[in-house]
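Trainee: Predicted model and sequence follow; I will ask about them next.
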Amino acid sequence: MTKEVMQLDRVVIRFAGDSGDGMQLTGDRFTAETAVFGNDVSTLPNFPAEIRAPAGTLPGVSSFQVHFANYDILTSGDRPDVLVAMNPAALKANLADLRPGTTIIVDTHDFSPRNLQRAEYTSNPLEDDSLQSYHVHPVDLTQLTVDAVRQAAEGPDSAGEVGRKDAARAKNMFALGLVSWLFHRPTESTLEYLTAKFGDRPALLAANLAAFKAGWNYGETTEDFAVRYEVKPAALRPGAYRNISGNLALAYGLIAAGERSGLPLFLGSYPITPASDVLHELARQKAFNVYTVQAEDEIAGIGAALGAAFGGALAVTTTSGPGLALKSETIGLGVALELPLLVCDVQRGGPSTGLPTKTEQADLLQAMFGRNGEAPVPVVAPRSPADCFDTALEAARIALTYRTPVILLSDGALANGSEPWRIPDVESLPDLRPEFATGPNGDDGGFLPYLRDPETLARPWAVPGTPGLEHRIGGIEKADRTGEVSYDPDNHDRMVRLRQAKVDGIAGSLSPVEVDDPSGQARVLVLGWGSTYGPIGAACRRVRGEGLDIAQAHLRHLNPFPPGLGEVLHHYDRVVVPEMNLGQLALLLRARFLVDVYGYHKVRGMPFQAEELADLLKGVITGG
Amino acid sequence: MTKEVMQLDRVVIRFAGDSGDGMQLTGDRFTAETAVFGNDVSTLPNFPAEIRAPAGTLPGVSSFQVHFANYDILTSGDRPDVLVAMNPAALKANLADLRPGTTIIVDTHDFSPRNLQRAEYTSNPLEDDSLQSYHVHPVDLTQLTVDAVRQAAEGPDSAGEVGRKDAARAKNMFALGLVSWLFHRPTESTLEYLTAKFGDRPALLAANLAAFKAGWNYGETTEDFAVRYEVKPAALRPGAYRNISGNLALAYGLIAAGERSGLPLFLGSYPITPASDVLHELARQKAFNVYTVQAEDEIAGIGAALGAAFGGALAVTTTSGPGLALKSETIGLGVALELPLLVCDVQRGGPSTGLPTKTEQADLLQAMFGRNGEAPVPVVAPRSPADCFDTALEAARIALTYRTPVILLSDGALANGSEPWRIPDVESLPDLRPEFATGPNGDDGGFLPYLRDPETLARPWAVPGTPGLEHRIGGIEKADRTGEVSYDPDNHDRMVRLRQAKVDGIAGSLSPVEVDDPSGQARVLVLGWGSTYGPIGAACRRVRGEGLDIAQAHLRHLNPFPPGLGEVLHHYDRVVVPEMNLGQLALLLRARFLVDVYGYHKVRGMPFQAEELADLLKGVITGG
Amino acid sequence: MVDLVDDPSAEGFRSVFGVPRVEGTLRARDFKSDQEVRWCPGCGDYAILAAVQGFLPELGVRRENIVFISGIGCSSRFPYYLNTYGMHSIHGRAPAIATGLATTRPDLSVWVATGDGDALSIGGNHLIHSLRRNVNLKILLFNNRIYGLTKGQYSPTSEVGKITKSSPFGSVDEPFDPLSLALGAGATFVARTIDSDRKHLTSVLRAAAAHRGTALVEIYQNCNIFNDGAFDLLKEPGVRGESVIRLEHGQPLRFGTDGRLVVLRDLATGELRVVEGVPDDDPAIVVHDAYQADPTYAFGLSRLGVGDLRYTPIGVLRSVSRPVYDDEVRAQIARATQHRPGDLGTLLRGKDTWTVPA
Amino acid sequence: MVDLVDDPSAEGFRSVFGVPRVEGTLRARDFKSDQEVRWCPGCGDYAILAAVQGFLPELGVRRENIVFISGIGCSSRFPYYLNTYGMHSIHGRAPAIATGLATTRPDLSVWVATGDGDALSIGGNHLIHSLRRNVNLKILLFNNRIYGLTKGQYSPTSEVGKITKSSPFGSVDEPFDPLSLALGAGATFVARTIDSDRKHLTSVLRAAAAHRGTALVEIYQNCNIFNDGAFDLLKEPGVRGESVIRLEHGQPLRFGTDGRLVVLRDLATGELRVVEGVPDDDPAIVVHDAYQADPTYAFGLSRLGVGDLRYTPIGVLRSVSRPVYDDEVRAQIARATQHRPGDLGTLLRGKDTWTVPA
Ligand SMILES: Cc1ncc(C[n+]2csc(CCOP(=O)(O)OP(=O)(O)O)c2C)c(N)n1
Ligand SMILES: Cc1ncc(C[n+]2csc(CCOP(=O)(O)OP(=O)(O)O)c2C)c(N)n1
Ligand code: SF4
Ligand code: SF4
Ligand SMILES: [Mg+2]
Ligand SMILES: [Mg+2]
């Protein structure tokens, strides 16, 4: 049976199931297939804070959304075109996000009264009329998987018995096979992946391969699926690509910074969602001279990093909001010591423990001000998963050049989301080699640990082991130049201003803020920072697609701001600042530039939708 | 010999000596005499961070300044009229603050070459011309004291031998006696004090009394002092007065809040300069049902307080800047739990360990934003030592009414400075009795721990031990009303806004900002917060004294701002905001009201001088 | 005021002296909250929850006078599932929070639920300080030797060489033995039990509740997702008899098939060792005594099983009486208020006052 | 790479294996910094400083390869006065900071100077974790049983009943014994000495420097301003002989006038006790052995003197060899880099790549 093939520009698929159903893995594999195929792709995982909430319940639902297209896309998509629901709870939890006409592939196996009740269904949605407005494909995925596995076990390639439970577990591979077929995905990478993963457990390997192929064949043979879709590869910038998540890109950026600075990379960290994966990745990469110390708590993590920085390492600590709060005092010490130190905060929903697995941008003011005394710290933020790589390098550049702690604000959406990344040429990465102090710098042949570089205002980095430069530093106020303890009032005032001037002066090394204003006619500017880049950009496309003018700018540097920002803000009639908080960047902009920015805030633990932002911007432009 | 008596309106005296010379005690006693006499008085202690820096060195100098007048004064004085210097270092360290014509009483005893060198003098200032422009009274205070003590030991009242070292140690009492004579101070309170202090060591008592009297008589008899001064009592508001320091007033305010709320007062704290005295005082006052737990660190201190708050106590934690940084995460938990909790930060010089014994106002932004996520916390600040009492009661009112952590920002100058305090009538203090939840509040007879009071948005305070209200609270996001764990996006957005609205809503309970604009003609407003009240007020007097118009307002409430603040700011042509930081209130005002305030910043670890602020304001008014 | 004389043989639950008694009797189900339990299927935490719910009625105090405070971790979800007062606080701080509550509220029975990461990593300091102060807290330490909630990093009780997400080449950190640490900190009550042995677990809860002061109960708990089978040596029918040393007061430490193994004290070094085939009358055979004032014996016991779990004592290692922090704090306040209750007016007036006439 | 086999009798300073040696010899005065020492006259810290300055030349390593890291407190001013590299950090965090430094820099000799408040109150957690990890740090704990710098509050080593500014009715907190705590945490080297006994102090520094791993040296230090005479029982000529137990490896623990007092092991309980008039051949007399693998003996020793100081052991209680954290971390890195040094290009490319043609 030959199936009709329909061409599409872009598709959003959401895989949803129980936490134990392997939806994250399914999504990852589909993403990999899609990336290799050459589509642009962007993903958003979404999972509960419990390791494994009770099976079949709404809080236990885990999902993974993949957006792919034949052009470069910016978000993981607002609403799915296809929902794969592995049980009643997954169906129920995701239904509200669907537009009429959405395709739903649903595993019917678990629609027993007991499971329906667990999902808080009072009647069976597959049997009542509630799904009428969707294209529903009810498939007993579980049973089909079990059958396929059993068949395989009887076949020639069988590597042994697989219990019913293990067989049923492979149903995510059946779903993957089916959806891969539906969208013409290349399957090699998944087959390789499974072979590598289950190489030493042949029975499981056979089961998973069988399930995957059975899924593919199910699409090919049954009449339920009459149409196949094709999304042509995107015309991306030429080069070698891979798919990468924000946390992996951050880890790689740190490793690259270590390599390019010629320094050992040191990570002192304490596990916390959603930052832990950076620790995990760096712990694996010891071959790059990477030290990872899993400390007893966040304070010890940053403490160890500061100690390593004193010793001349490229020192890093990674955490999320609650951990950043705990590190406050030590960041202040870093400010006083003027040592390079990277503090990476992968933000999550707050306050307090908040929503550990959800995203938010509400640590910006904490990053700016969460320390006693006047303790300025540069702050940078990546805009997309792949941009975490570049931002890590930039943070390292600032820390090493200016001898200062730097806070990098990623967030949960960037951390776990992914996109294709044009793999950079190693030689093209910035040269970060620092200059260590090697000899006296005083007029009298002595060493002045707080004598500053006239341009950067950085003090010398004199590491232990350097003869003749023995010196003591500490958190008590230090005398200008000599670094000795000083209680002198004028010296204190001078030092407070010098530290501020040093951070402010970083602006001189930044390129002016870039504004994307294609027509040059826009009267409204939308300004963002961090992970809102995708939805804001997508919204701008929509707005422009409707013939309206909109200017967009996105900040990587939150402290100091890049040059020219004030002029840009004053240039437009209206500045819209969408943030996943209650207006933190807006506060900084208003205070600094006295511009009446219009803040748009959603604090839902979820990225903005391009649609809602487009509506917002259209409203502002047309004065609605 | 009758001496000439000269009438003065106000005098500033600074006692300065080695850390071991007892200058803080001398200043305290002189203050007590002065207060009892009926002058208005304001004081500023200033001492090194070391317990006892090497004797005779500049870093070891400790001083105490007393300002008293026949009218109500606002500051401890810019520059001394009289300097008492007990050694060369004390002379050298304070000379820069003196105007020509200042009276210097100097103990000549220690002006040996060795001691001069310790004080970094290359020649003896008593012998070269360097003191020509001052009225110098060189007196061998030490020797005179030793002689007086010896004489007393031989007299009838002698209670035994006192070694030369102990005798010499009484020289501060000699100085006190002399200065008391010079300014006609009543001596009873000092005599009583000494009797109480040395009651069980008769020899030391005799020595100190002898020294004190000898000092008085020295003034009376020698020709060196031809003039005595008199400063008439000030016409203060009628009532009973006492002198009080900010830390004591804060402790008393907390005790009063405990009494007026009918709750046990609980302090969980870890010692830190300059906040420790509050712990010390509360530890003494167990008779008021005061619990003090000296915790293992700041986090445990606030943790214990939060536990006590859960149990229905009026819970407090006290600290300084570095400690506040450590408490950040737990304050965030308090925000999520919505329990009453007072966090008192006695600010000191920062960043990091900074200048532990000096004052600063640089924790305002930390108080506002030093937590992960959107975690709004009300912030209040006292304006003078005695005002710490009222501000503590106000902080307790907010915490108990709105079920929220409240941060109170005192500072080193308030903490150790003192002023006369009109002792309030206990019955006139606010009634702070809270309403505990006693029964179900849900429609179905259940208990909803996050159901809010429609007016205050406060949730019920249901303490363990209340039957039927068993419930669980935590730092994960909670469902509106039920308080159950909720990962629902809309609920999170709602809760974030509700918590913000609750804190914003406190403004409704505040009286509008008061502006002191006597002529009604002022075009310039000077706005401050915290301990700058004194110097700003004194500066305004000077400005007005010169016939210029200036309006003054001072904020007790930093978050939320009092009603009407925006209008006030917009009403004036120019708003000047002097702060002992780099412009933290200024940032908040600019962001909120888009007013181009003019920030004036000094970060010297010392209060502003009225003179410098007056010059500043005159400059702004006259457009200079 | 509570009678503070401790008697180890007292049958009463001394930790709840002063806590209002319930009228009638409660059942286990009275302690179930309406919240769905959200641990992974098969997690050892379920068994602990059931045991605690089963034990609490025995305490005999009112449900509203019981409070469970926890930090963060899978184990720290515990309070949500109990129909008492509860607080799920922040990572590591539960002992500090509980100290404030217990100090001000003698009418409450205060329990802490915590994990090996929560109690020993980020919360180590609060744990040891509550132990030295001897605050009247019952601390249940769910030791699964892993960080469960954050998906499987090694913890301060993970064995050397353990391969986890954060130690892909094997952990190089020597683990704590929580009981040794507690004894070093001055603990007055330390015990160990296992999630799977409900009867033993209950008996240890009973002993902990009888102790006034801080009772540290380490519970070996299986995390079947990230550290499955960690304690199988102490659980599997075939092997547990050869590896578990059950501590019973006054009984010689003999265990294994036919009592083939004994714990001996090396008379030259004081070390405790497991040896085979020793006659009953050997004076070096250790007879268990949890009430020794000196903690050296209990410390020696705590070293057995360190490393490979091979010979692991379970039961109450130490239970001695010492003044209880919160009792003492309250006694000082009681003395002060009885002596001369504070009068606010007098306090505010102080000593050096003067009057400005009208 | 350093040879990691430990030999307790080794004369070399194993802690500085791998640290560049000085050419020639340094003198005590080479270790004096140009900063004026700012402790109170008479403070015990002066004697400790002098002893350390006197000992450092013996270490034989370059001055620039020595680092002192401290927290906050009077004692934590220590690094300012030594002409080495130094960091006066924040309260309680020195062990954590030193861990990062020691791990990345095997060519440094890293020392921590800390106080009883700094190390045991706010910093307790970092201390116990560095001890269990056995990081190559020499920790000098200045125990004056008081918070000096903040002007005299009681500390976690202050005795019960102590009246201070923050405990006007007497402290109710049971103190830690720092050595018991350290042993509970798994310390490999613990020792105690006294500020006033320069010779003994120096000998203990020597032993600590010979230990690879974390060496905890508790130094009883007089704070003559806020806790004067706290250790007089161990210092005053008349009484010290009757109260100080000097530990010497292989020697029986006999002390007091004419060796009248001995430390006996209670053979039934394992407890160590001081007893009078015991014949030399009593097998229960304890012969000191700091190298026992099992820490029970050292723990028993650490309990002597708890409370009233009456019989206080000084010297090295325990010194055993165990893998050193920073050595192990570096070994893993060395293996990884030797096996296949990382290539950044390869890493970035990863496995699933595709090419968009030009
Ligand atoms: C301040 C802070 N740091 C880190 C975390 C992340 N975190 C949550 S639970 C946990 C460890 C849990 O381990 P354990 O206490 O053993 O509990 P388990 O889940 O194993 O029961 C960590 C690191 C956090 N929530 N807060
Ligand atoms: C975060 C923080 N909390 C509190 C303090 C105040 N503080 C400084 S030193 C100290 C205690 C010092 O005691 P100890 O460590 O025994 O040192 P000592 O002065 O007795 O040598 C305290 C509480 C601080 N500097 N930082
Ligand atoms: S991850 Fe482990 S400890 Fe946590 S709930 Fe699952 S099985 Fe239990
Ligand atoms: S206060 Fe005590 S410890 Fe501190 S310097 Fe003075 S004597 Fe030494
Ligand atoms: Mg665990
Ligand atoms: Mg101390």
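Mentor: Okay, I see it. Ligands and ions are numbered 1, 2, ... in the order given.
Trainee: For the rest of this, base every contact and every neighbour count on C-alpha atoms.
Mentor: Fine.
Trainee: give me the number of residues near residue 270?
Mentor: No chain in the question, so chain A it is. 27 (other CA atoms under 10 Å in any protein chain shown).
Trainee: Sorry, I should have been clearer: chain C.
Mentor: Counted with other CA under 10 Å, residue C:270 comes out at 27.
Trainee: tell me the SS of it?
Mentor: coil (DSSP: H, G, I helix; E, B strand; the rest coil).
Trainee: how close does the residue in the stretch 151-300 of chain C positioned nearest to ligand 5 sit to ligand 2?
Mentor: Of all residues in the stretch 151-300 of chain C, residue C:155 sits closest to ligand 5, at 6.8 Å by CA to the ion. Computed as CA to the nearest ligand atom, to the nearest Å, the residue C:155 to ligand 2 distance reads 26 Å.
Trainee: If the most centrally placed residue in chain C is in a bridge, with which residues?
Mentor: For chain C, residue C:216 is the residue whose C-alpha lies nearest the centre (CA atoms, centre = their mean; 2.1 Å). Beta bridges link residue C:216 to residue C:139, residue C:190, judged by DSSP bridges.
Trainee: if I pick it, what's in contact with it?
Mentor: C:138, C:139, C:140, C:141, C:182, C:187, C:189, C:190, C:191, C:208 (CA atoms under 8 Å, 6 or more residues apart in numbering or on different chains).
Trainee: before we move on, the earlier item: gap between the residue of the stretch 151-300 of chain C closest to ligand 5 and residue A:373?
Mentor: Note on residue C:155: its distance to residue A:373, by CA to CA, to the nearest Å, is 35 Å.
Trainee: same for the one helix or strand residue A:392 maps to, what does it pack against?
Mentor: Per DSSP states H and E, residue A:392 falls inside helix A:387-402. Contacts defined by 3 or more CA pairs under 8 Å, 6 or more residues apart in numbering or on different chains; DSSP states H and E place helix A:387-402 against helix A:246-261, strand A:341-347, strand A:405-411.
Trainee: Run the chain-centre distance for that helix.
Mentor: 16 Å (CA atoms, centre = their mean, to the nearest Å).
Trainee: Stretch C:62-80 now?
Mentor: 14 Å.
Trainee: now the end-to-end length of that stretch.
Mentor: End to end - CA to CA - stretch C:62-80 spans 18 Å.
Trainee: just stretch A:576-593 next, same as before
Mentor: Note: stretch A:576-593 ends 14 Å apart using CA to CA.
Trainee: what does stretch C:299-317 give?
Mentor: Using CA to CA, the two ends of stretch C:299-317 sit 8 Å apart.
Trainee: same check, this time on stretch C:147-167
Mentor: Distance between the two ends of stretch C:147-167: 12 Å, counting by CA to CA.
Trainee: Pull the residues that contact it.
Mentor: By CA under 8 Å, 6+ apart, stretch C:147-167 touches A:50-51, A:271-273, A:276, A:279-280, A:283-284, A:294, A:296, C:73-74, C:116-117, C:120-121, C:143, C:145-146, C:169-178, C:223, C:226-227, C:307.
Trainee: The same query, at a cut-off of 6 Å, please.
Mentor: A:280, A:283, C:73-74, C:117, C:145-146, C:170-176, C:226 (CA atoms under 6 Å, 6 or more residues apart in numbering or on different chains).
Trainee: ok, now stretch A:290-301?
Mentor: Counting by CA under 6 Å, 6+ apart, A:265, A:266, A:267, A:268, A:269, A:270, A:283, A:323, A:327, C:121, C:122, D:96 sit against stretch A:290-301.
Trainee: For the nearest residue to the fifth one once chain neighbours are set aside, report the pLDDT, please.
Mentor: Yep, that's residue A:269 we're talking about. Nearest residue to residue A:269 in three dimensions, chain neighbours excluded: residue A:301, at 4.4 Å (CA to CA, 6 or more residues apart in numbering or on different chains). Looking at residue A:301, its pLDDT stands at 98.
Trainee: can the helix or strand residue A:301 falls within be found next to ligand 1?
Mentor: Using DSSP H and E, residue A:301 sits in helix A:298-310. No. Taking CA under 6 Å from any ligand atom as the criterion, helix A:298-310 and ligand 1 are apart, separated by no less than 6.6 Å.
Trainee: That helix to strand A:405-411, inter-axis angle?
Mentor: Counting by axes from the mean of the first three to the mean of the last three CA atoms, to 10 degrees, helix A:298-310 points 130 degrees away from the direction of strand A:405-411.
Trainee: Could I get the average pLDDT for the next helix or strand after helix A:298-310?
Mentor: Downstream of helix A:298-310, the first helix or strand assigned by DSSP H and E is strand A:314-319. Average pLDDT, strand A:314-319: 98.
Trainee: Is chain C within reach of strand A:314-319?
Mentor: No. Against chain C, strand A:314-319 shows no contacts by CA under 6 Å from any CA of the partner chain, the least distance being 12.5 Å.
Trainee: quick one on the thing from earlier: in strands, which of the contacts of stretch A:290-301 appear?
Mentor: Counting by DSSP state E, the part of those found in strands is A:265, A:266, A:267, A:268, A:269.
Trainee: From these, pick the one nearest ligand 6.
Mentor: The closest of these, once distances to ligand 6 are taken by CA to the ion, is residue A:268, at 28.7 Å.
Trainee: now that closest one, nearest residue through space, not along the chain?
Mentor: residue A:301 is the one closest to residue A:268 (CA to CA, 6+ apart), at 4.1 Å.
Trainee: quick one: which helix or strand includes residue C:245?
Mentor: Residue-wise, residue C:245 maps onto strand C:244-246 under DSSP H and E.
Trainee: pLDDT wise, what is residue A:151 at?
Mentor: On the pLDDT scale, residue A:151 gets 84.
Trainee: what do you get for residue A:167?
Mentor: 87.
Trainee: how about the nearest residue to it, chain neighbours excluded?
Mentor: Looking at residue A:167 with CA to CA, 6+ apart, the closest residue is residue A:146, at 5.2 Å.
Trainee: surely that neighbour meets residue A:168?
Mentor: Yes. Counting by CA atoms under 6 Å, residue A:146 does reach residue A:168; the two are 5.4 Å apart.
Trainee: OK, contacts around the closest residue to ligand 2 within the stretch 501-624 of chain A?
Mentor: Relative to ligand 2, the nearest point of the stretch 501-624 of chain A is residue A:503 (25.0 Å; CA to the nearest ligand atom). Not one residue lies near residue A:503 by CA under 6 Å, 6+ apart.
Trainee: sorry, back to before: which among the contacts of stretch C:147-167 gets closest to residue B:584?
Mentor: Distance to residue B:584 across those (CA to CA) is lowest for residue C:73, with 37.7 Å.
Trainee: Need the three-state assignment for the residue nearest to that closest one when sequence neighbours are not counted.
Mentor: Residue nearest to residue C:73 in three dimensions, not counting chain neighbours: residue C:149, with 5.1 Å by CA to CA, 6+ apart. Secondary structure, three-state DSSP: residue C:149 is coil.
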